[in-house]
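**Q** Okay, predicted coordinates and the sequence, questions at the end:
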Amino acid sequence: MNKFYASCGKGLEYLLADELVALGCRRATAATAGANVEGTLADAQRAVLWSRLASRVLWPIAEFDCADEHALYRGVAAVDWTEHLESVHTLAVDAHVSGDAITHARYAAQRVKDAVVDTLRARTGARPDVDTETPDLRLNLVLRKGRAILSVDLGGGPLHRRGWRQKQGEAPLKENLAAAVLLRGQWPKVYAEGGALFDPMCGSGTLLIEAALMAADVAPGLQRHGLLPPTRWRGFDFAGWRALCDEARTRESAGLAALRPAFAGSDLDPHAIRAARENEAMAGLSGLIHWQVADVAQLQALPIDAGAAPGVAVCNPPYDARLAADPALYRALGDALKRLVPSWRASLLCGDAGLAQATGLRASKKYQIFNGAIECALIVCDPIARIGHAEQRAQAEDAAPAPLSEGAQMVANRLRKNLRKLKSWREREGVTCYRAYDADLPEYAAAIDVYASDEAEPRTYLHVQEYAAPATIPEADQRRRWNELLAAAREVFAVPRERIALKTRARGKGGSKYGQFDQRGEFVAVREGAARLRVNPFDYLDTGLFLDHRPMRLRIAGEARGRRFLNLFAYTGAATVQAAVGGAAETTTVDLSATYLQWCADNLRENGIAGPQHRLVQADAMQWLEADRGRYDLIFCDPPTFSNSARADDFDIQREHVRLLRAAVARLADNGVLYFSNNFRRFRFDDEAVAQFARCEEISAATIPPDFARDARIHRCWRLEPR
């Protein structure tokens with residue numbers, strides 16, 4: 001009896017093991033992201049054709065110790081490759097490595113390819129070509145703990161590709177993950193008992209099409225491979241494969257002929273419904289699925305006759321890689337299902353446990369499952385809506401917040417301690433936007449900023465930035481700690497999920513990576529001193545207001561009266577607003593970004609400030625400064641650490657700061673003052689060079705506010721005057 005390996009998405013392992021045994025394999029044991037299987041080559045080939053859950057089926061052909069790249073090459077070269085492929089065939093290699101022996105998967109794949117090619121060239125005088133898309137033979141290398149396993153990928157590539165998908169939405173659900181959602185909802189049993197299936201947010205139709213093909217007994221690999229075998233590996237049983245396909249086609253014909261039109265899907269996006277119809281046609285299911293364009297919140301009746309038997313509602317509601325989603329949409333989904341099909345079963349793949357809870361549905365079962373790298377919550381509700389006293393008890397239980405874990409309680413205690421410490425300062429200074437937590441507990445590496453809206457009844461928003469964890473921290477621990485931190489923040493601040501912005505700040509060249517995230521377009525007016533400023537917690541990595549510069553901006557407001565103010569690298573112009581509110585005679589704001597200049601204009605308008613004396617300039621600040629001939633009494637310069645905009649020369653603050661400061665000081669009027677700041681932690685100020693043209697004093701300590709006292713290196717700041 002041979003052994004082989006079938007891979008799958010994390011969270012599907014036990015389902016896959018059961019499926020493989022049902023397909024005839026002698027034994028299948030769940031492993032991480034797959035199953036170890038005992039069975040024949042015929043069993044493995046049947047799995048390639050019939051498994052709805054597997055990602056790959058790997059048949060091992062060599063196993064050897066592998067201490068380094070030379071051992072890898074020797075081990076692969078020791079295989080008689082004339083038994084596996086011909087020189088005219090094409091080849092591809094996938095590699096997965098861990099440990100210290102070889103650290104780069106692409107390099108490992110290259111060495112395997114080299115060994116195969118060199119061996120065949122030596123034996124036959126010819127070599128196979130590489131084809132990464134549709135090779136005749138696809139090999140798979142796993143290198144772990146100094147041991148290498150080389151296998152033939154019997155399916156020739158990812159098995160989730162069924163062959164019918166022509167169009168897809170922005171975040172398509174893999175077909176094998178869709179199969180898991182259906183199996184957890186017991187769809188095959190429900191269909192056999194006369195039930196129907198409904199997806200109220202169907203996107204391009206993956207769940208419905210997979211369900212229809214499952215009900216029709218269509219082999220998931222039949223359309224993917226067509227009349228051709230999945231591999232040209234010489235050890236493949238081609239006659240056995242043809243027999244399997246012949247049987248599958250017979251079962252397909254009978255299943256499609258008997259298939260009931262028990263499927264309905266709706267989506268708000270007409271383009272998604274159009275794509276779903278095209279995918280339905282490619283899958284050979286035309287006319288069997290009822291599609292409609294509809295908002296889930298507006299659905300008043302099921303779009304098909306579901307019959308008397310309870311059915312299954314399935315859905316993969318929207319969320320993205322940062323688990324950003326609208327809880328109100330999840331609530332609308334739950335309300336619609338309770339209204340339309342209260343006695344049915346639901347199987348819902350939600351972004352996380354918090355979003356699952358937002359549906360308002362009580363799950364009878366919960367599963368941890370991964371959509372790619374995203375850890376999700378798959379909940380099964382049976383039935384969707386309870387009745388009578390049982391429902392009342394369930395609602396009471398759902399309404400009660402879950403007790404915090406030990407780790408979450410520790411974070412909550414630290415947050416409360418920080419709030420007590422900052423309370424008197426915040427009340428005295430009137431601070432309503434501040435940092436409440438900044439990796440105070442090293443295991444919970446994140447920053448939590450609080451923004452209170454400037455209105456009669458202020459709303460609190462949280463801006464939570466997760467710092468990139470070291471590679472040595474397991475992903476599961478990272479996700480657990482992140483969820484514990486969020487649970488603590490929600491309890492302490494009593495903020496609904498829709499007012500919490502979640503961000504991940506990774507380190508890039510020269511500093512933090514900045515990028516655009518959501519497109520909610522939700523701006524919130526907040527108060528800083530006498531100024532109102534607009535922040536956007538959701539759409540960008542930063543909110544539009546650097547809280548650590550609060551003292552510097554208020555200093556500018558106090559010194560600006562009657563003076564000409566210049567703001568370089570202005571971002572959203574918060575310093576400009578403070579200068580204008582403080583009575584500046586005129587302001588000039590320079591930034592390369594039209595988006596940020598518009599934001600500055602909106603900030604000025606928020607404070608009733610307008611007129612030609614407040615000038616906005618879209619330009620590269622360095623080039624503009626060296627060309628300008630104006631005079632300014634007060635200049636604020638807070639440049640980025642590094643910039644490589646396509647519309648300007650590359651900028652490096654360490655390399656350019658002397659040139660920048662020389663040009664800025666040259667624009668100062670008599671008795672003028674330049675404030676220079678940056679947040680590059682390894683920045684070295686060239687005192688000797690700057691001393692030639694300016695008197696300079698570092699004032700960093702005076703510009704760090706109490707809420708940033710834990711990180712005195714958040715920025716540095718200097719006060720310069722011309723000599």
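**A** Thanks, I have the structure now.

**Q** show me where pLDDT drops low in the stretch 1-150 of the chain?
**A** 1 (pLDDT under 70).

**Q** got it, and the chain?
**A** Within the chain, the stretches with pLDDT under 70 are 1, 167-171, 320-325, 386-402, 505-520, 645-648.

**Q** please redo it, this time with the cut-off set to 50
**A** By pLDDT under 50, the weakly predicted segments of the chain are 322-323, 388-399, 506-516.

**Q** So which bits of the biggest helix by length in it are buried?
**A** Counting residues, the longest helix found in the chain (DSSP state H) is helix 406-429. Using 16 or more other CB atoms under 10 Å as the test for burial, helix 406-429 gives 407-408, 410-412, 414-415, 418-419, 422, 426. Bear in mind the C-beta positions are built from the backbone N, C-alpha and C, glycine included.

**Q** now stretch 121-139
**A** Neighbour-count burial for stretch 121-139 [16+ other CB under 10 Å]: 127-128, 135-139.

**Q** Distance from it to the middle of the chain?
**A** 36 Å (CA atoms, centre = their mean, to the nearest Å).

**Q** Straight-line length of it, end to end?
**A** End-to-end distance of stretch 121-139 (CA to CA, to the nearest Å): 18 Å.

**Q** for stretch 482-502, same thing?
**A** One end of stretch 482-502 to the other measures 10 Å (CA to CA).

**Q** hang on, the earlier thing: and the furthest pair within the buried residues of stretch 121-139?
**A** Arg127 and Arg138 (17.0 Å; CB to CB).

**Q** Which of the buried residues of helix 406-429 sits closest to Cys315?
**A** Lowest distance from Cys315 to the buried residues of helix 406-429 (CB to CB) belongs to Ala408, with 28.6 Å.

**Q** Show me what stretch 690-702 is in contact with.
**A** For stretch 690-702, the surrounding residues in contact (CB atoms under 8 Å, 6 or more residues apart in numbering) are 551, 658, 661-662, 665-666, 674, 685, 687, 712, 715-723.

**Q** Buried ones among these?
**A** Looks like these have 551, 658, 661-662, 665, 674, 685, 715-720, 722 buried, using 16+ other CB under 10 Å.

**Q** Just the ones of these in strands?
**A** 674, 716-720, 722 (DSSP state E).

**Q** okay, the residues you listed in a markdown table with distance to Leu154 next?
**A** Output for these, formatted as a markdown table (distance: CB to CB, whole Å):
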| residue | distance to Leu154 |
| --- | --- |
| Leu674 | 69 |
| Arg716 | 60 |
| Cys717 | 63 |
| Trp718 | 66 |
| Arg719 | 70 |
| Leu720 | 70 |
| Pro722 | 76 |
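
**Q** Please identify which pair of these lies farthest apart.
**A** Using CB to CB, the pair of those lying farthest apart is Arg716 and Pro722, separated by 20.9 Å.

**Q** can you map out the helices along the stretch 1-150 of the chain?
**A** Along the stretch 1-150 of the chain, the stretches classed as helices by DSSP state H, counting those that start in this stretch are 13-22, 41-50, 69-77, 105-124.

**Q** State the distance from Phe538 to Leu329.
**A** 15 Å (CB to CB, to the nearest Å).

**Q** With Ala709 instead?
**A** Taken as CB to CB, the span from Ala709 to Leu329 is 40 Å.

**Q** Just the buried residues of the host helix or strand of Arg615, please?
**A** Using DSSP states H and E, Arg615 sits in strand 614-618. Using 16+ other CB under 10 Å as the test for burial, strand 614-618 gives 614, 616-617.

**Q** re earlier: so between Phe538 and Leu329, which is more surrounded?
**A** A count of neighbours by other CB atoms under 10 Å puts Phe538 above the other of Phe538 and Leu329, at 23 against 20.

**Q** and the more buried one, that one's in a helix?
**A** No. Counting by DSSP: H, G, I helix; E, B strand; the rest coil, Phe538 falls outside a helix, being coil.

**Q** Touching, it and Glu522? I think so.
**A** Yes. Contact status for Phe538 versus Glu522: in contact at 5.8 Å, counting by CB atoms under 8 Å.

**Q** Now intersect the buried residues of stretch 121-139 with the strands, please.
**A** 137-139.

**Q** Reformat those as CSV; add distance to Leu154.
**A** Output for those, formatted as CSV (distance: CB to CB, whole Å):
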residue, distance to Leu154
Leu137, 10
Arg138, 9
Leu139, 11
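
**Q** Which of the residues you listed sits closest to Glu69?
**A** After measuring these against Glu69 - CB to CB - the closest member comes out as Leu139, at 16.6 Å.

**Q** nearest spatial neighbour of that closest one, skipping sequence neighbours?
**A** Val93 (4.8 Å; CB to CB, 6 or more residues apart in numbering).

**Q** wait, what's in contact with that neighbour?
**A** Val93 neighbours (CB under 8 Å, 6+ apart): 109-110, 112-113, 116, 138-141.

**Q** now Ala530
**A** Ala530 sits next to 557, 581-582 when contact means CB under 8 Å, 6+ apart.

**Q** are any of those residues buried, and which?
**A** Buried subset of those (neighbour count, 16+ other CB under 10 Å): 557, 581-582.

**Q** can I get these in CSV with secondary structure and distance to Pro318?
**A** CSV is the format used below for the buried ones among the contacts of Ala530 (DSSP: H, G, I helix; E, B strand; the rest coil; distance: CB to CB, whole Å):
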residue, secondary structure, distance to Pro318
Ala557, helix, 42
Val581, helix, 40
Gly582, coil, 44
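
**Q** Closest to Ile379 out of these?
**A** The closest of the buried ones among the contacts of Ala530, once distances to Ile379 are taken by CB to CB, is Val581, at 50.4 Å.

**Q** the domain parsing of this structure - what is it?
**A** 2-153, 175-216+260-399, 406-512, 546-722 (automatic domain parsing).

**Q** Backbone dihedrals for Arg481, please?
**A** Per-residue torsions, Arg481: phi -60, psi -40 (degrees, to the nearest 10).

**Q** Does Ala469 touch Ala445 like I think?
**A** Yes. Between Ala469 and Ala445 there is a contact under CB under 8 Å: 6.3 Å.

**Q** quick one: which of these two has more around it?
**A** Neighbours were counted for Ala469 and for Ala445 using other CB under 10 Å; Ala445 has more, 20 against 16.

**Q** Which residue, neighbours along the chain excluded, lies closest to that one?
**A** Per CB to CB, 6+ apart, closest to Ala445 is Tyr467, 4.3 Å.
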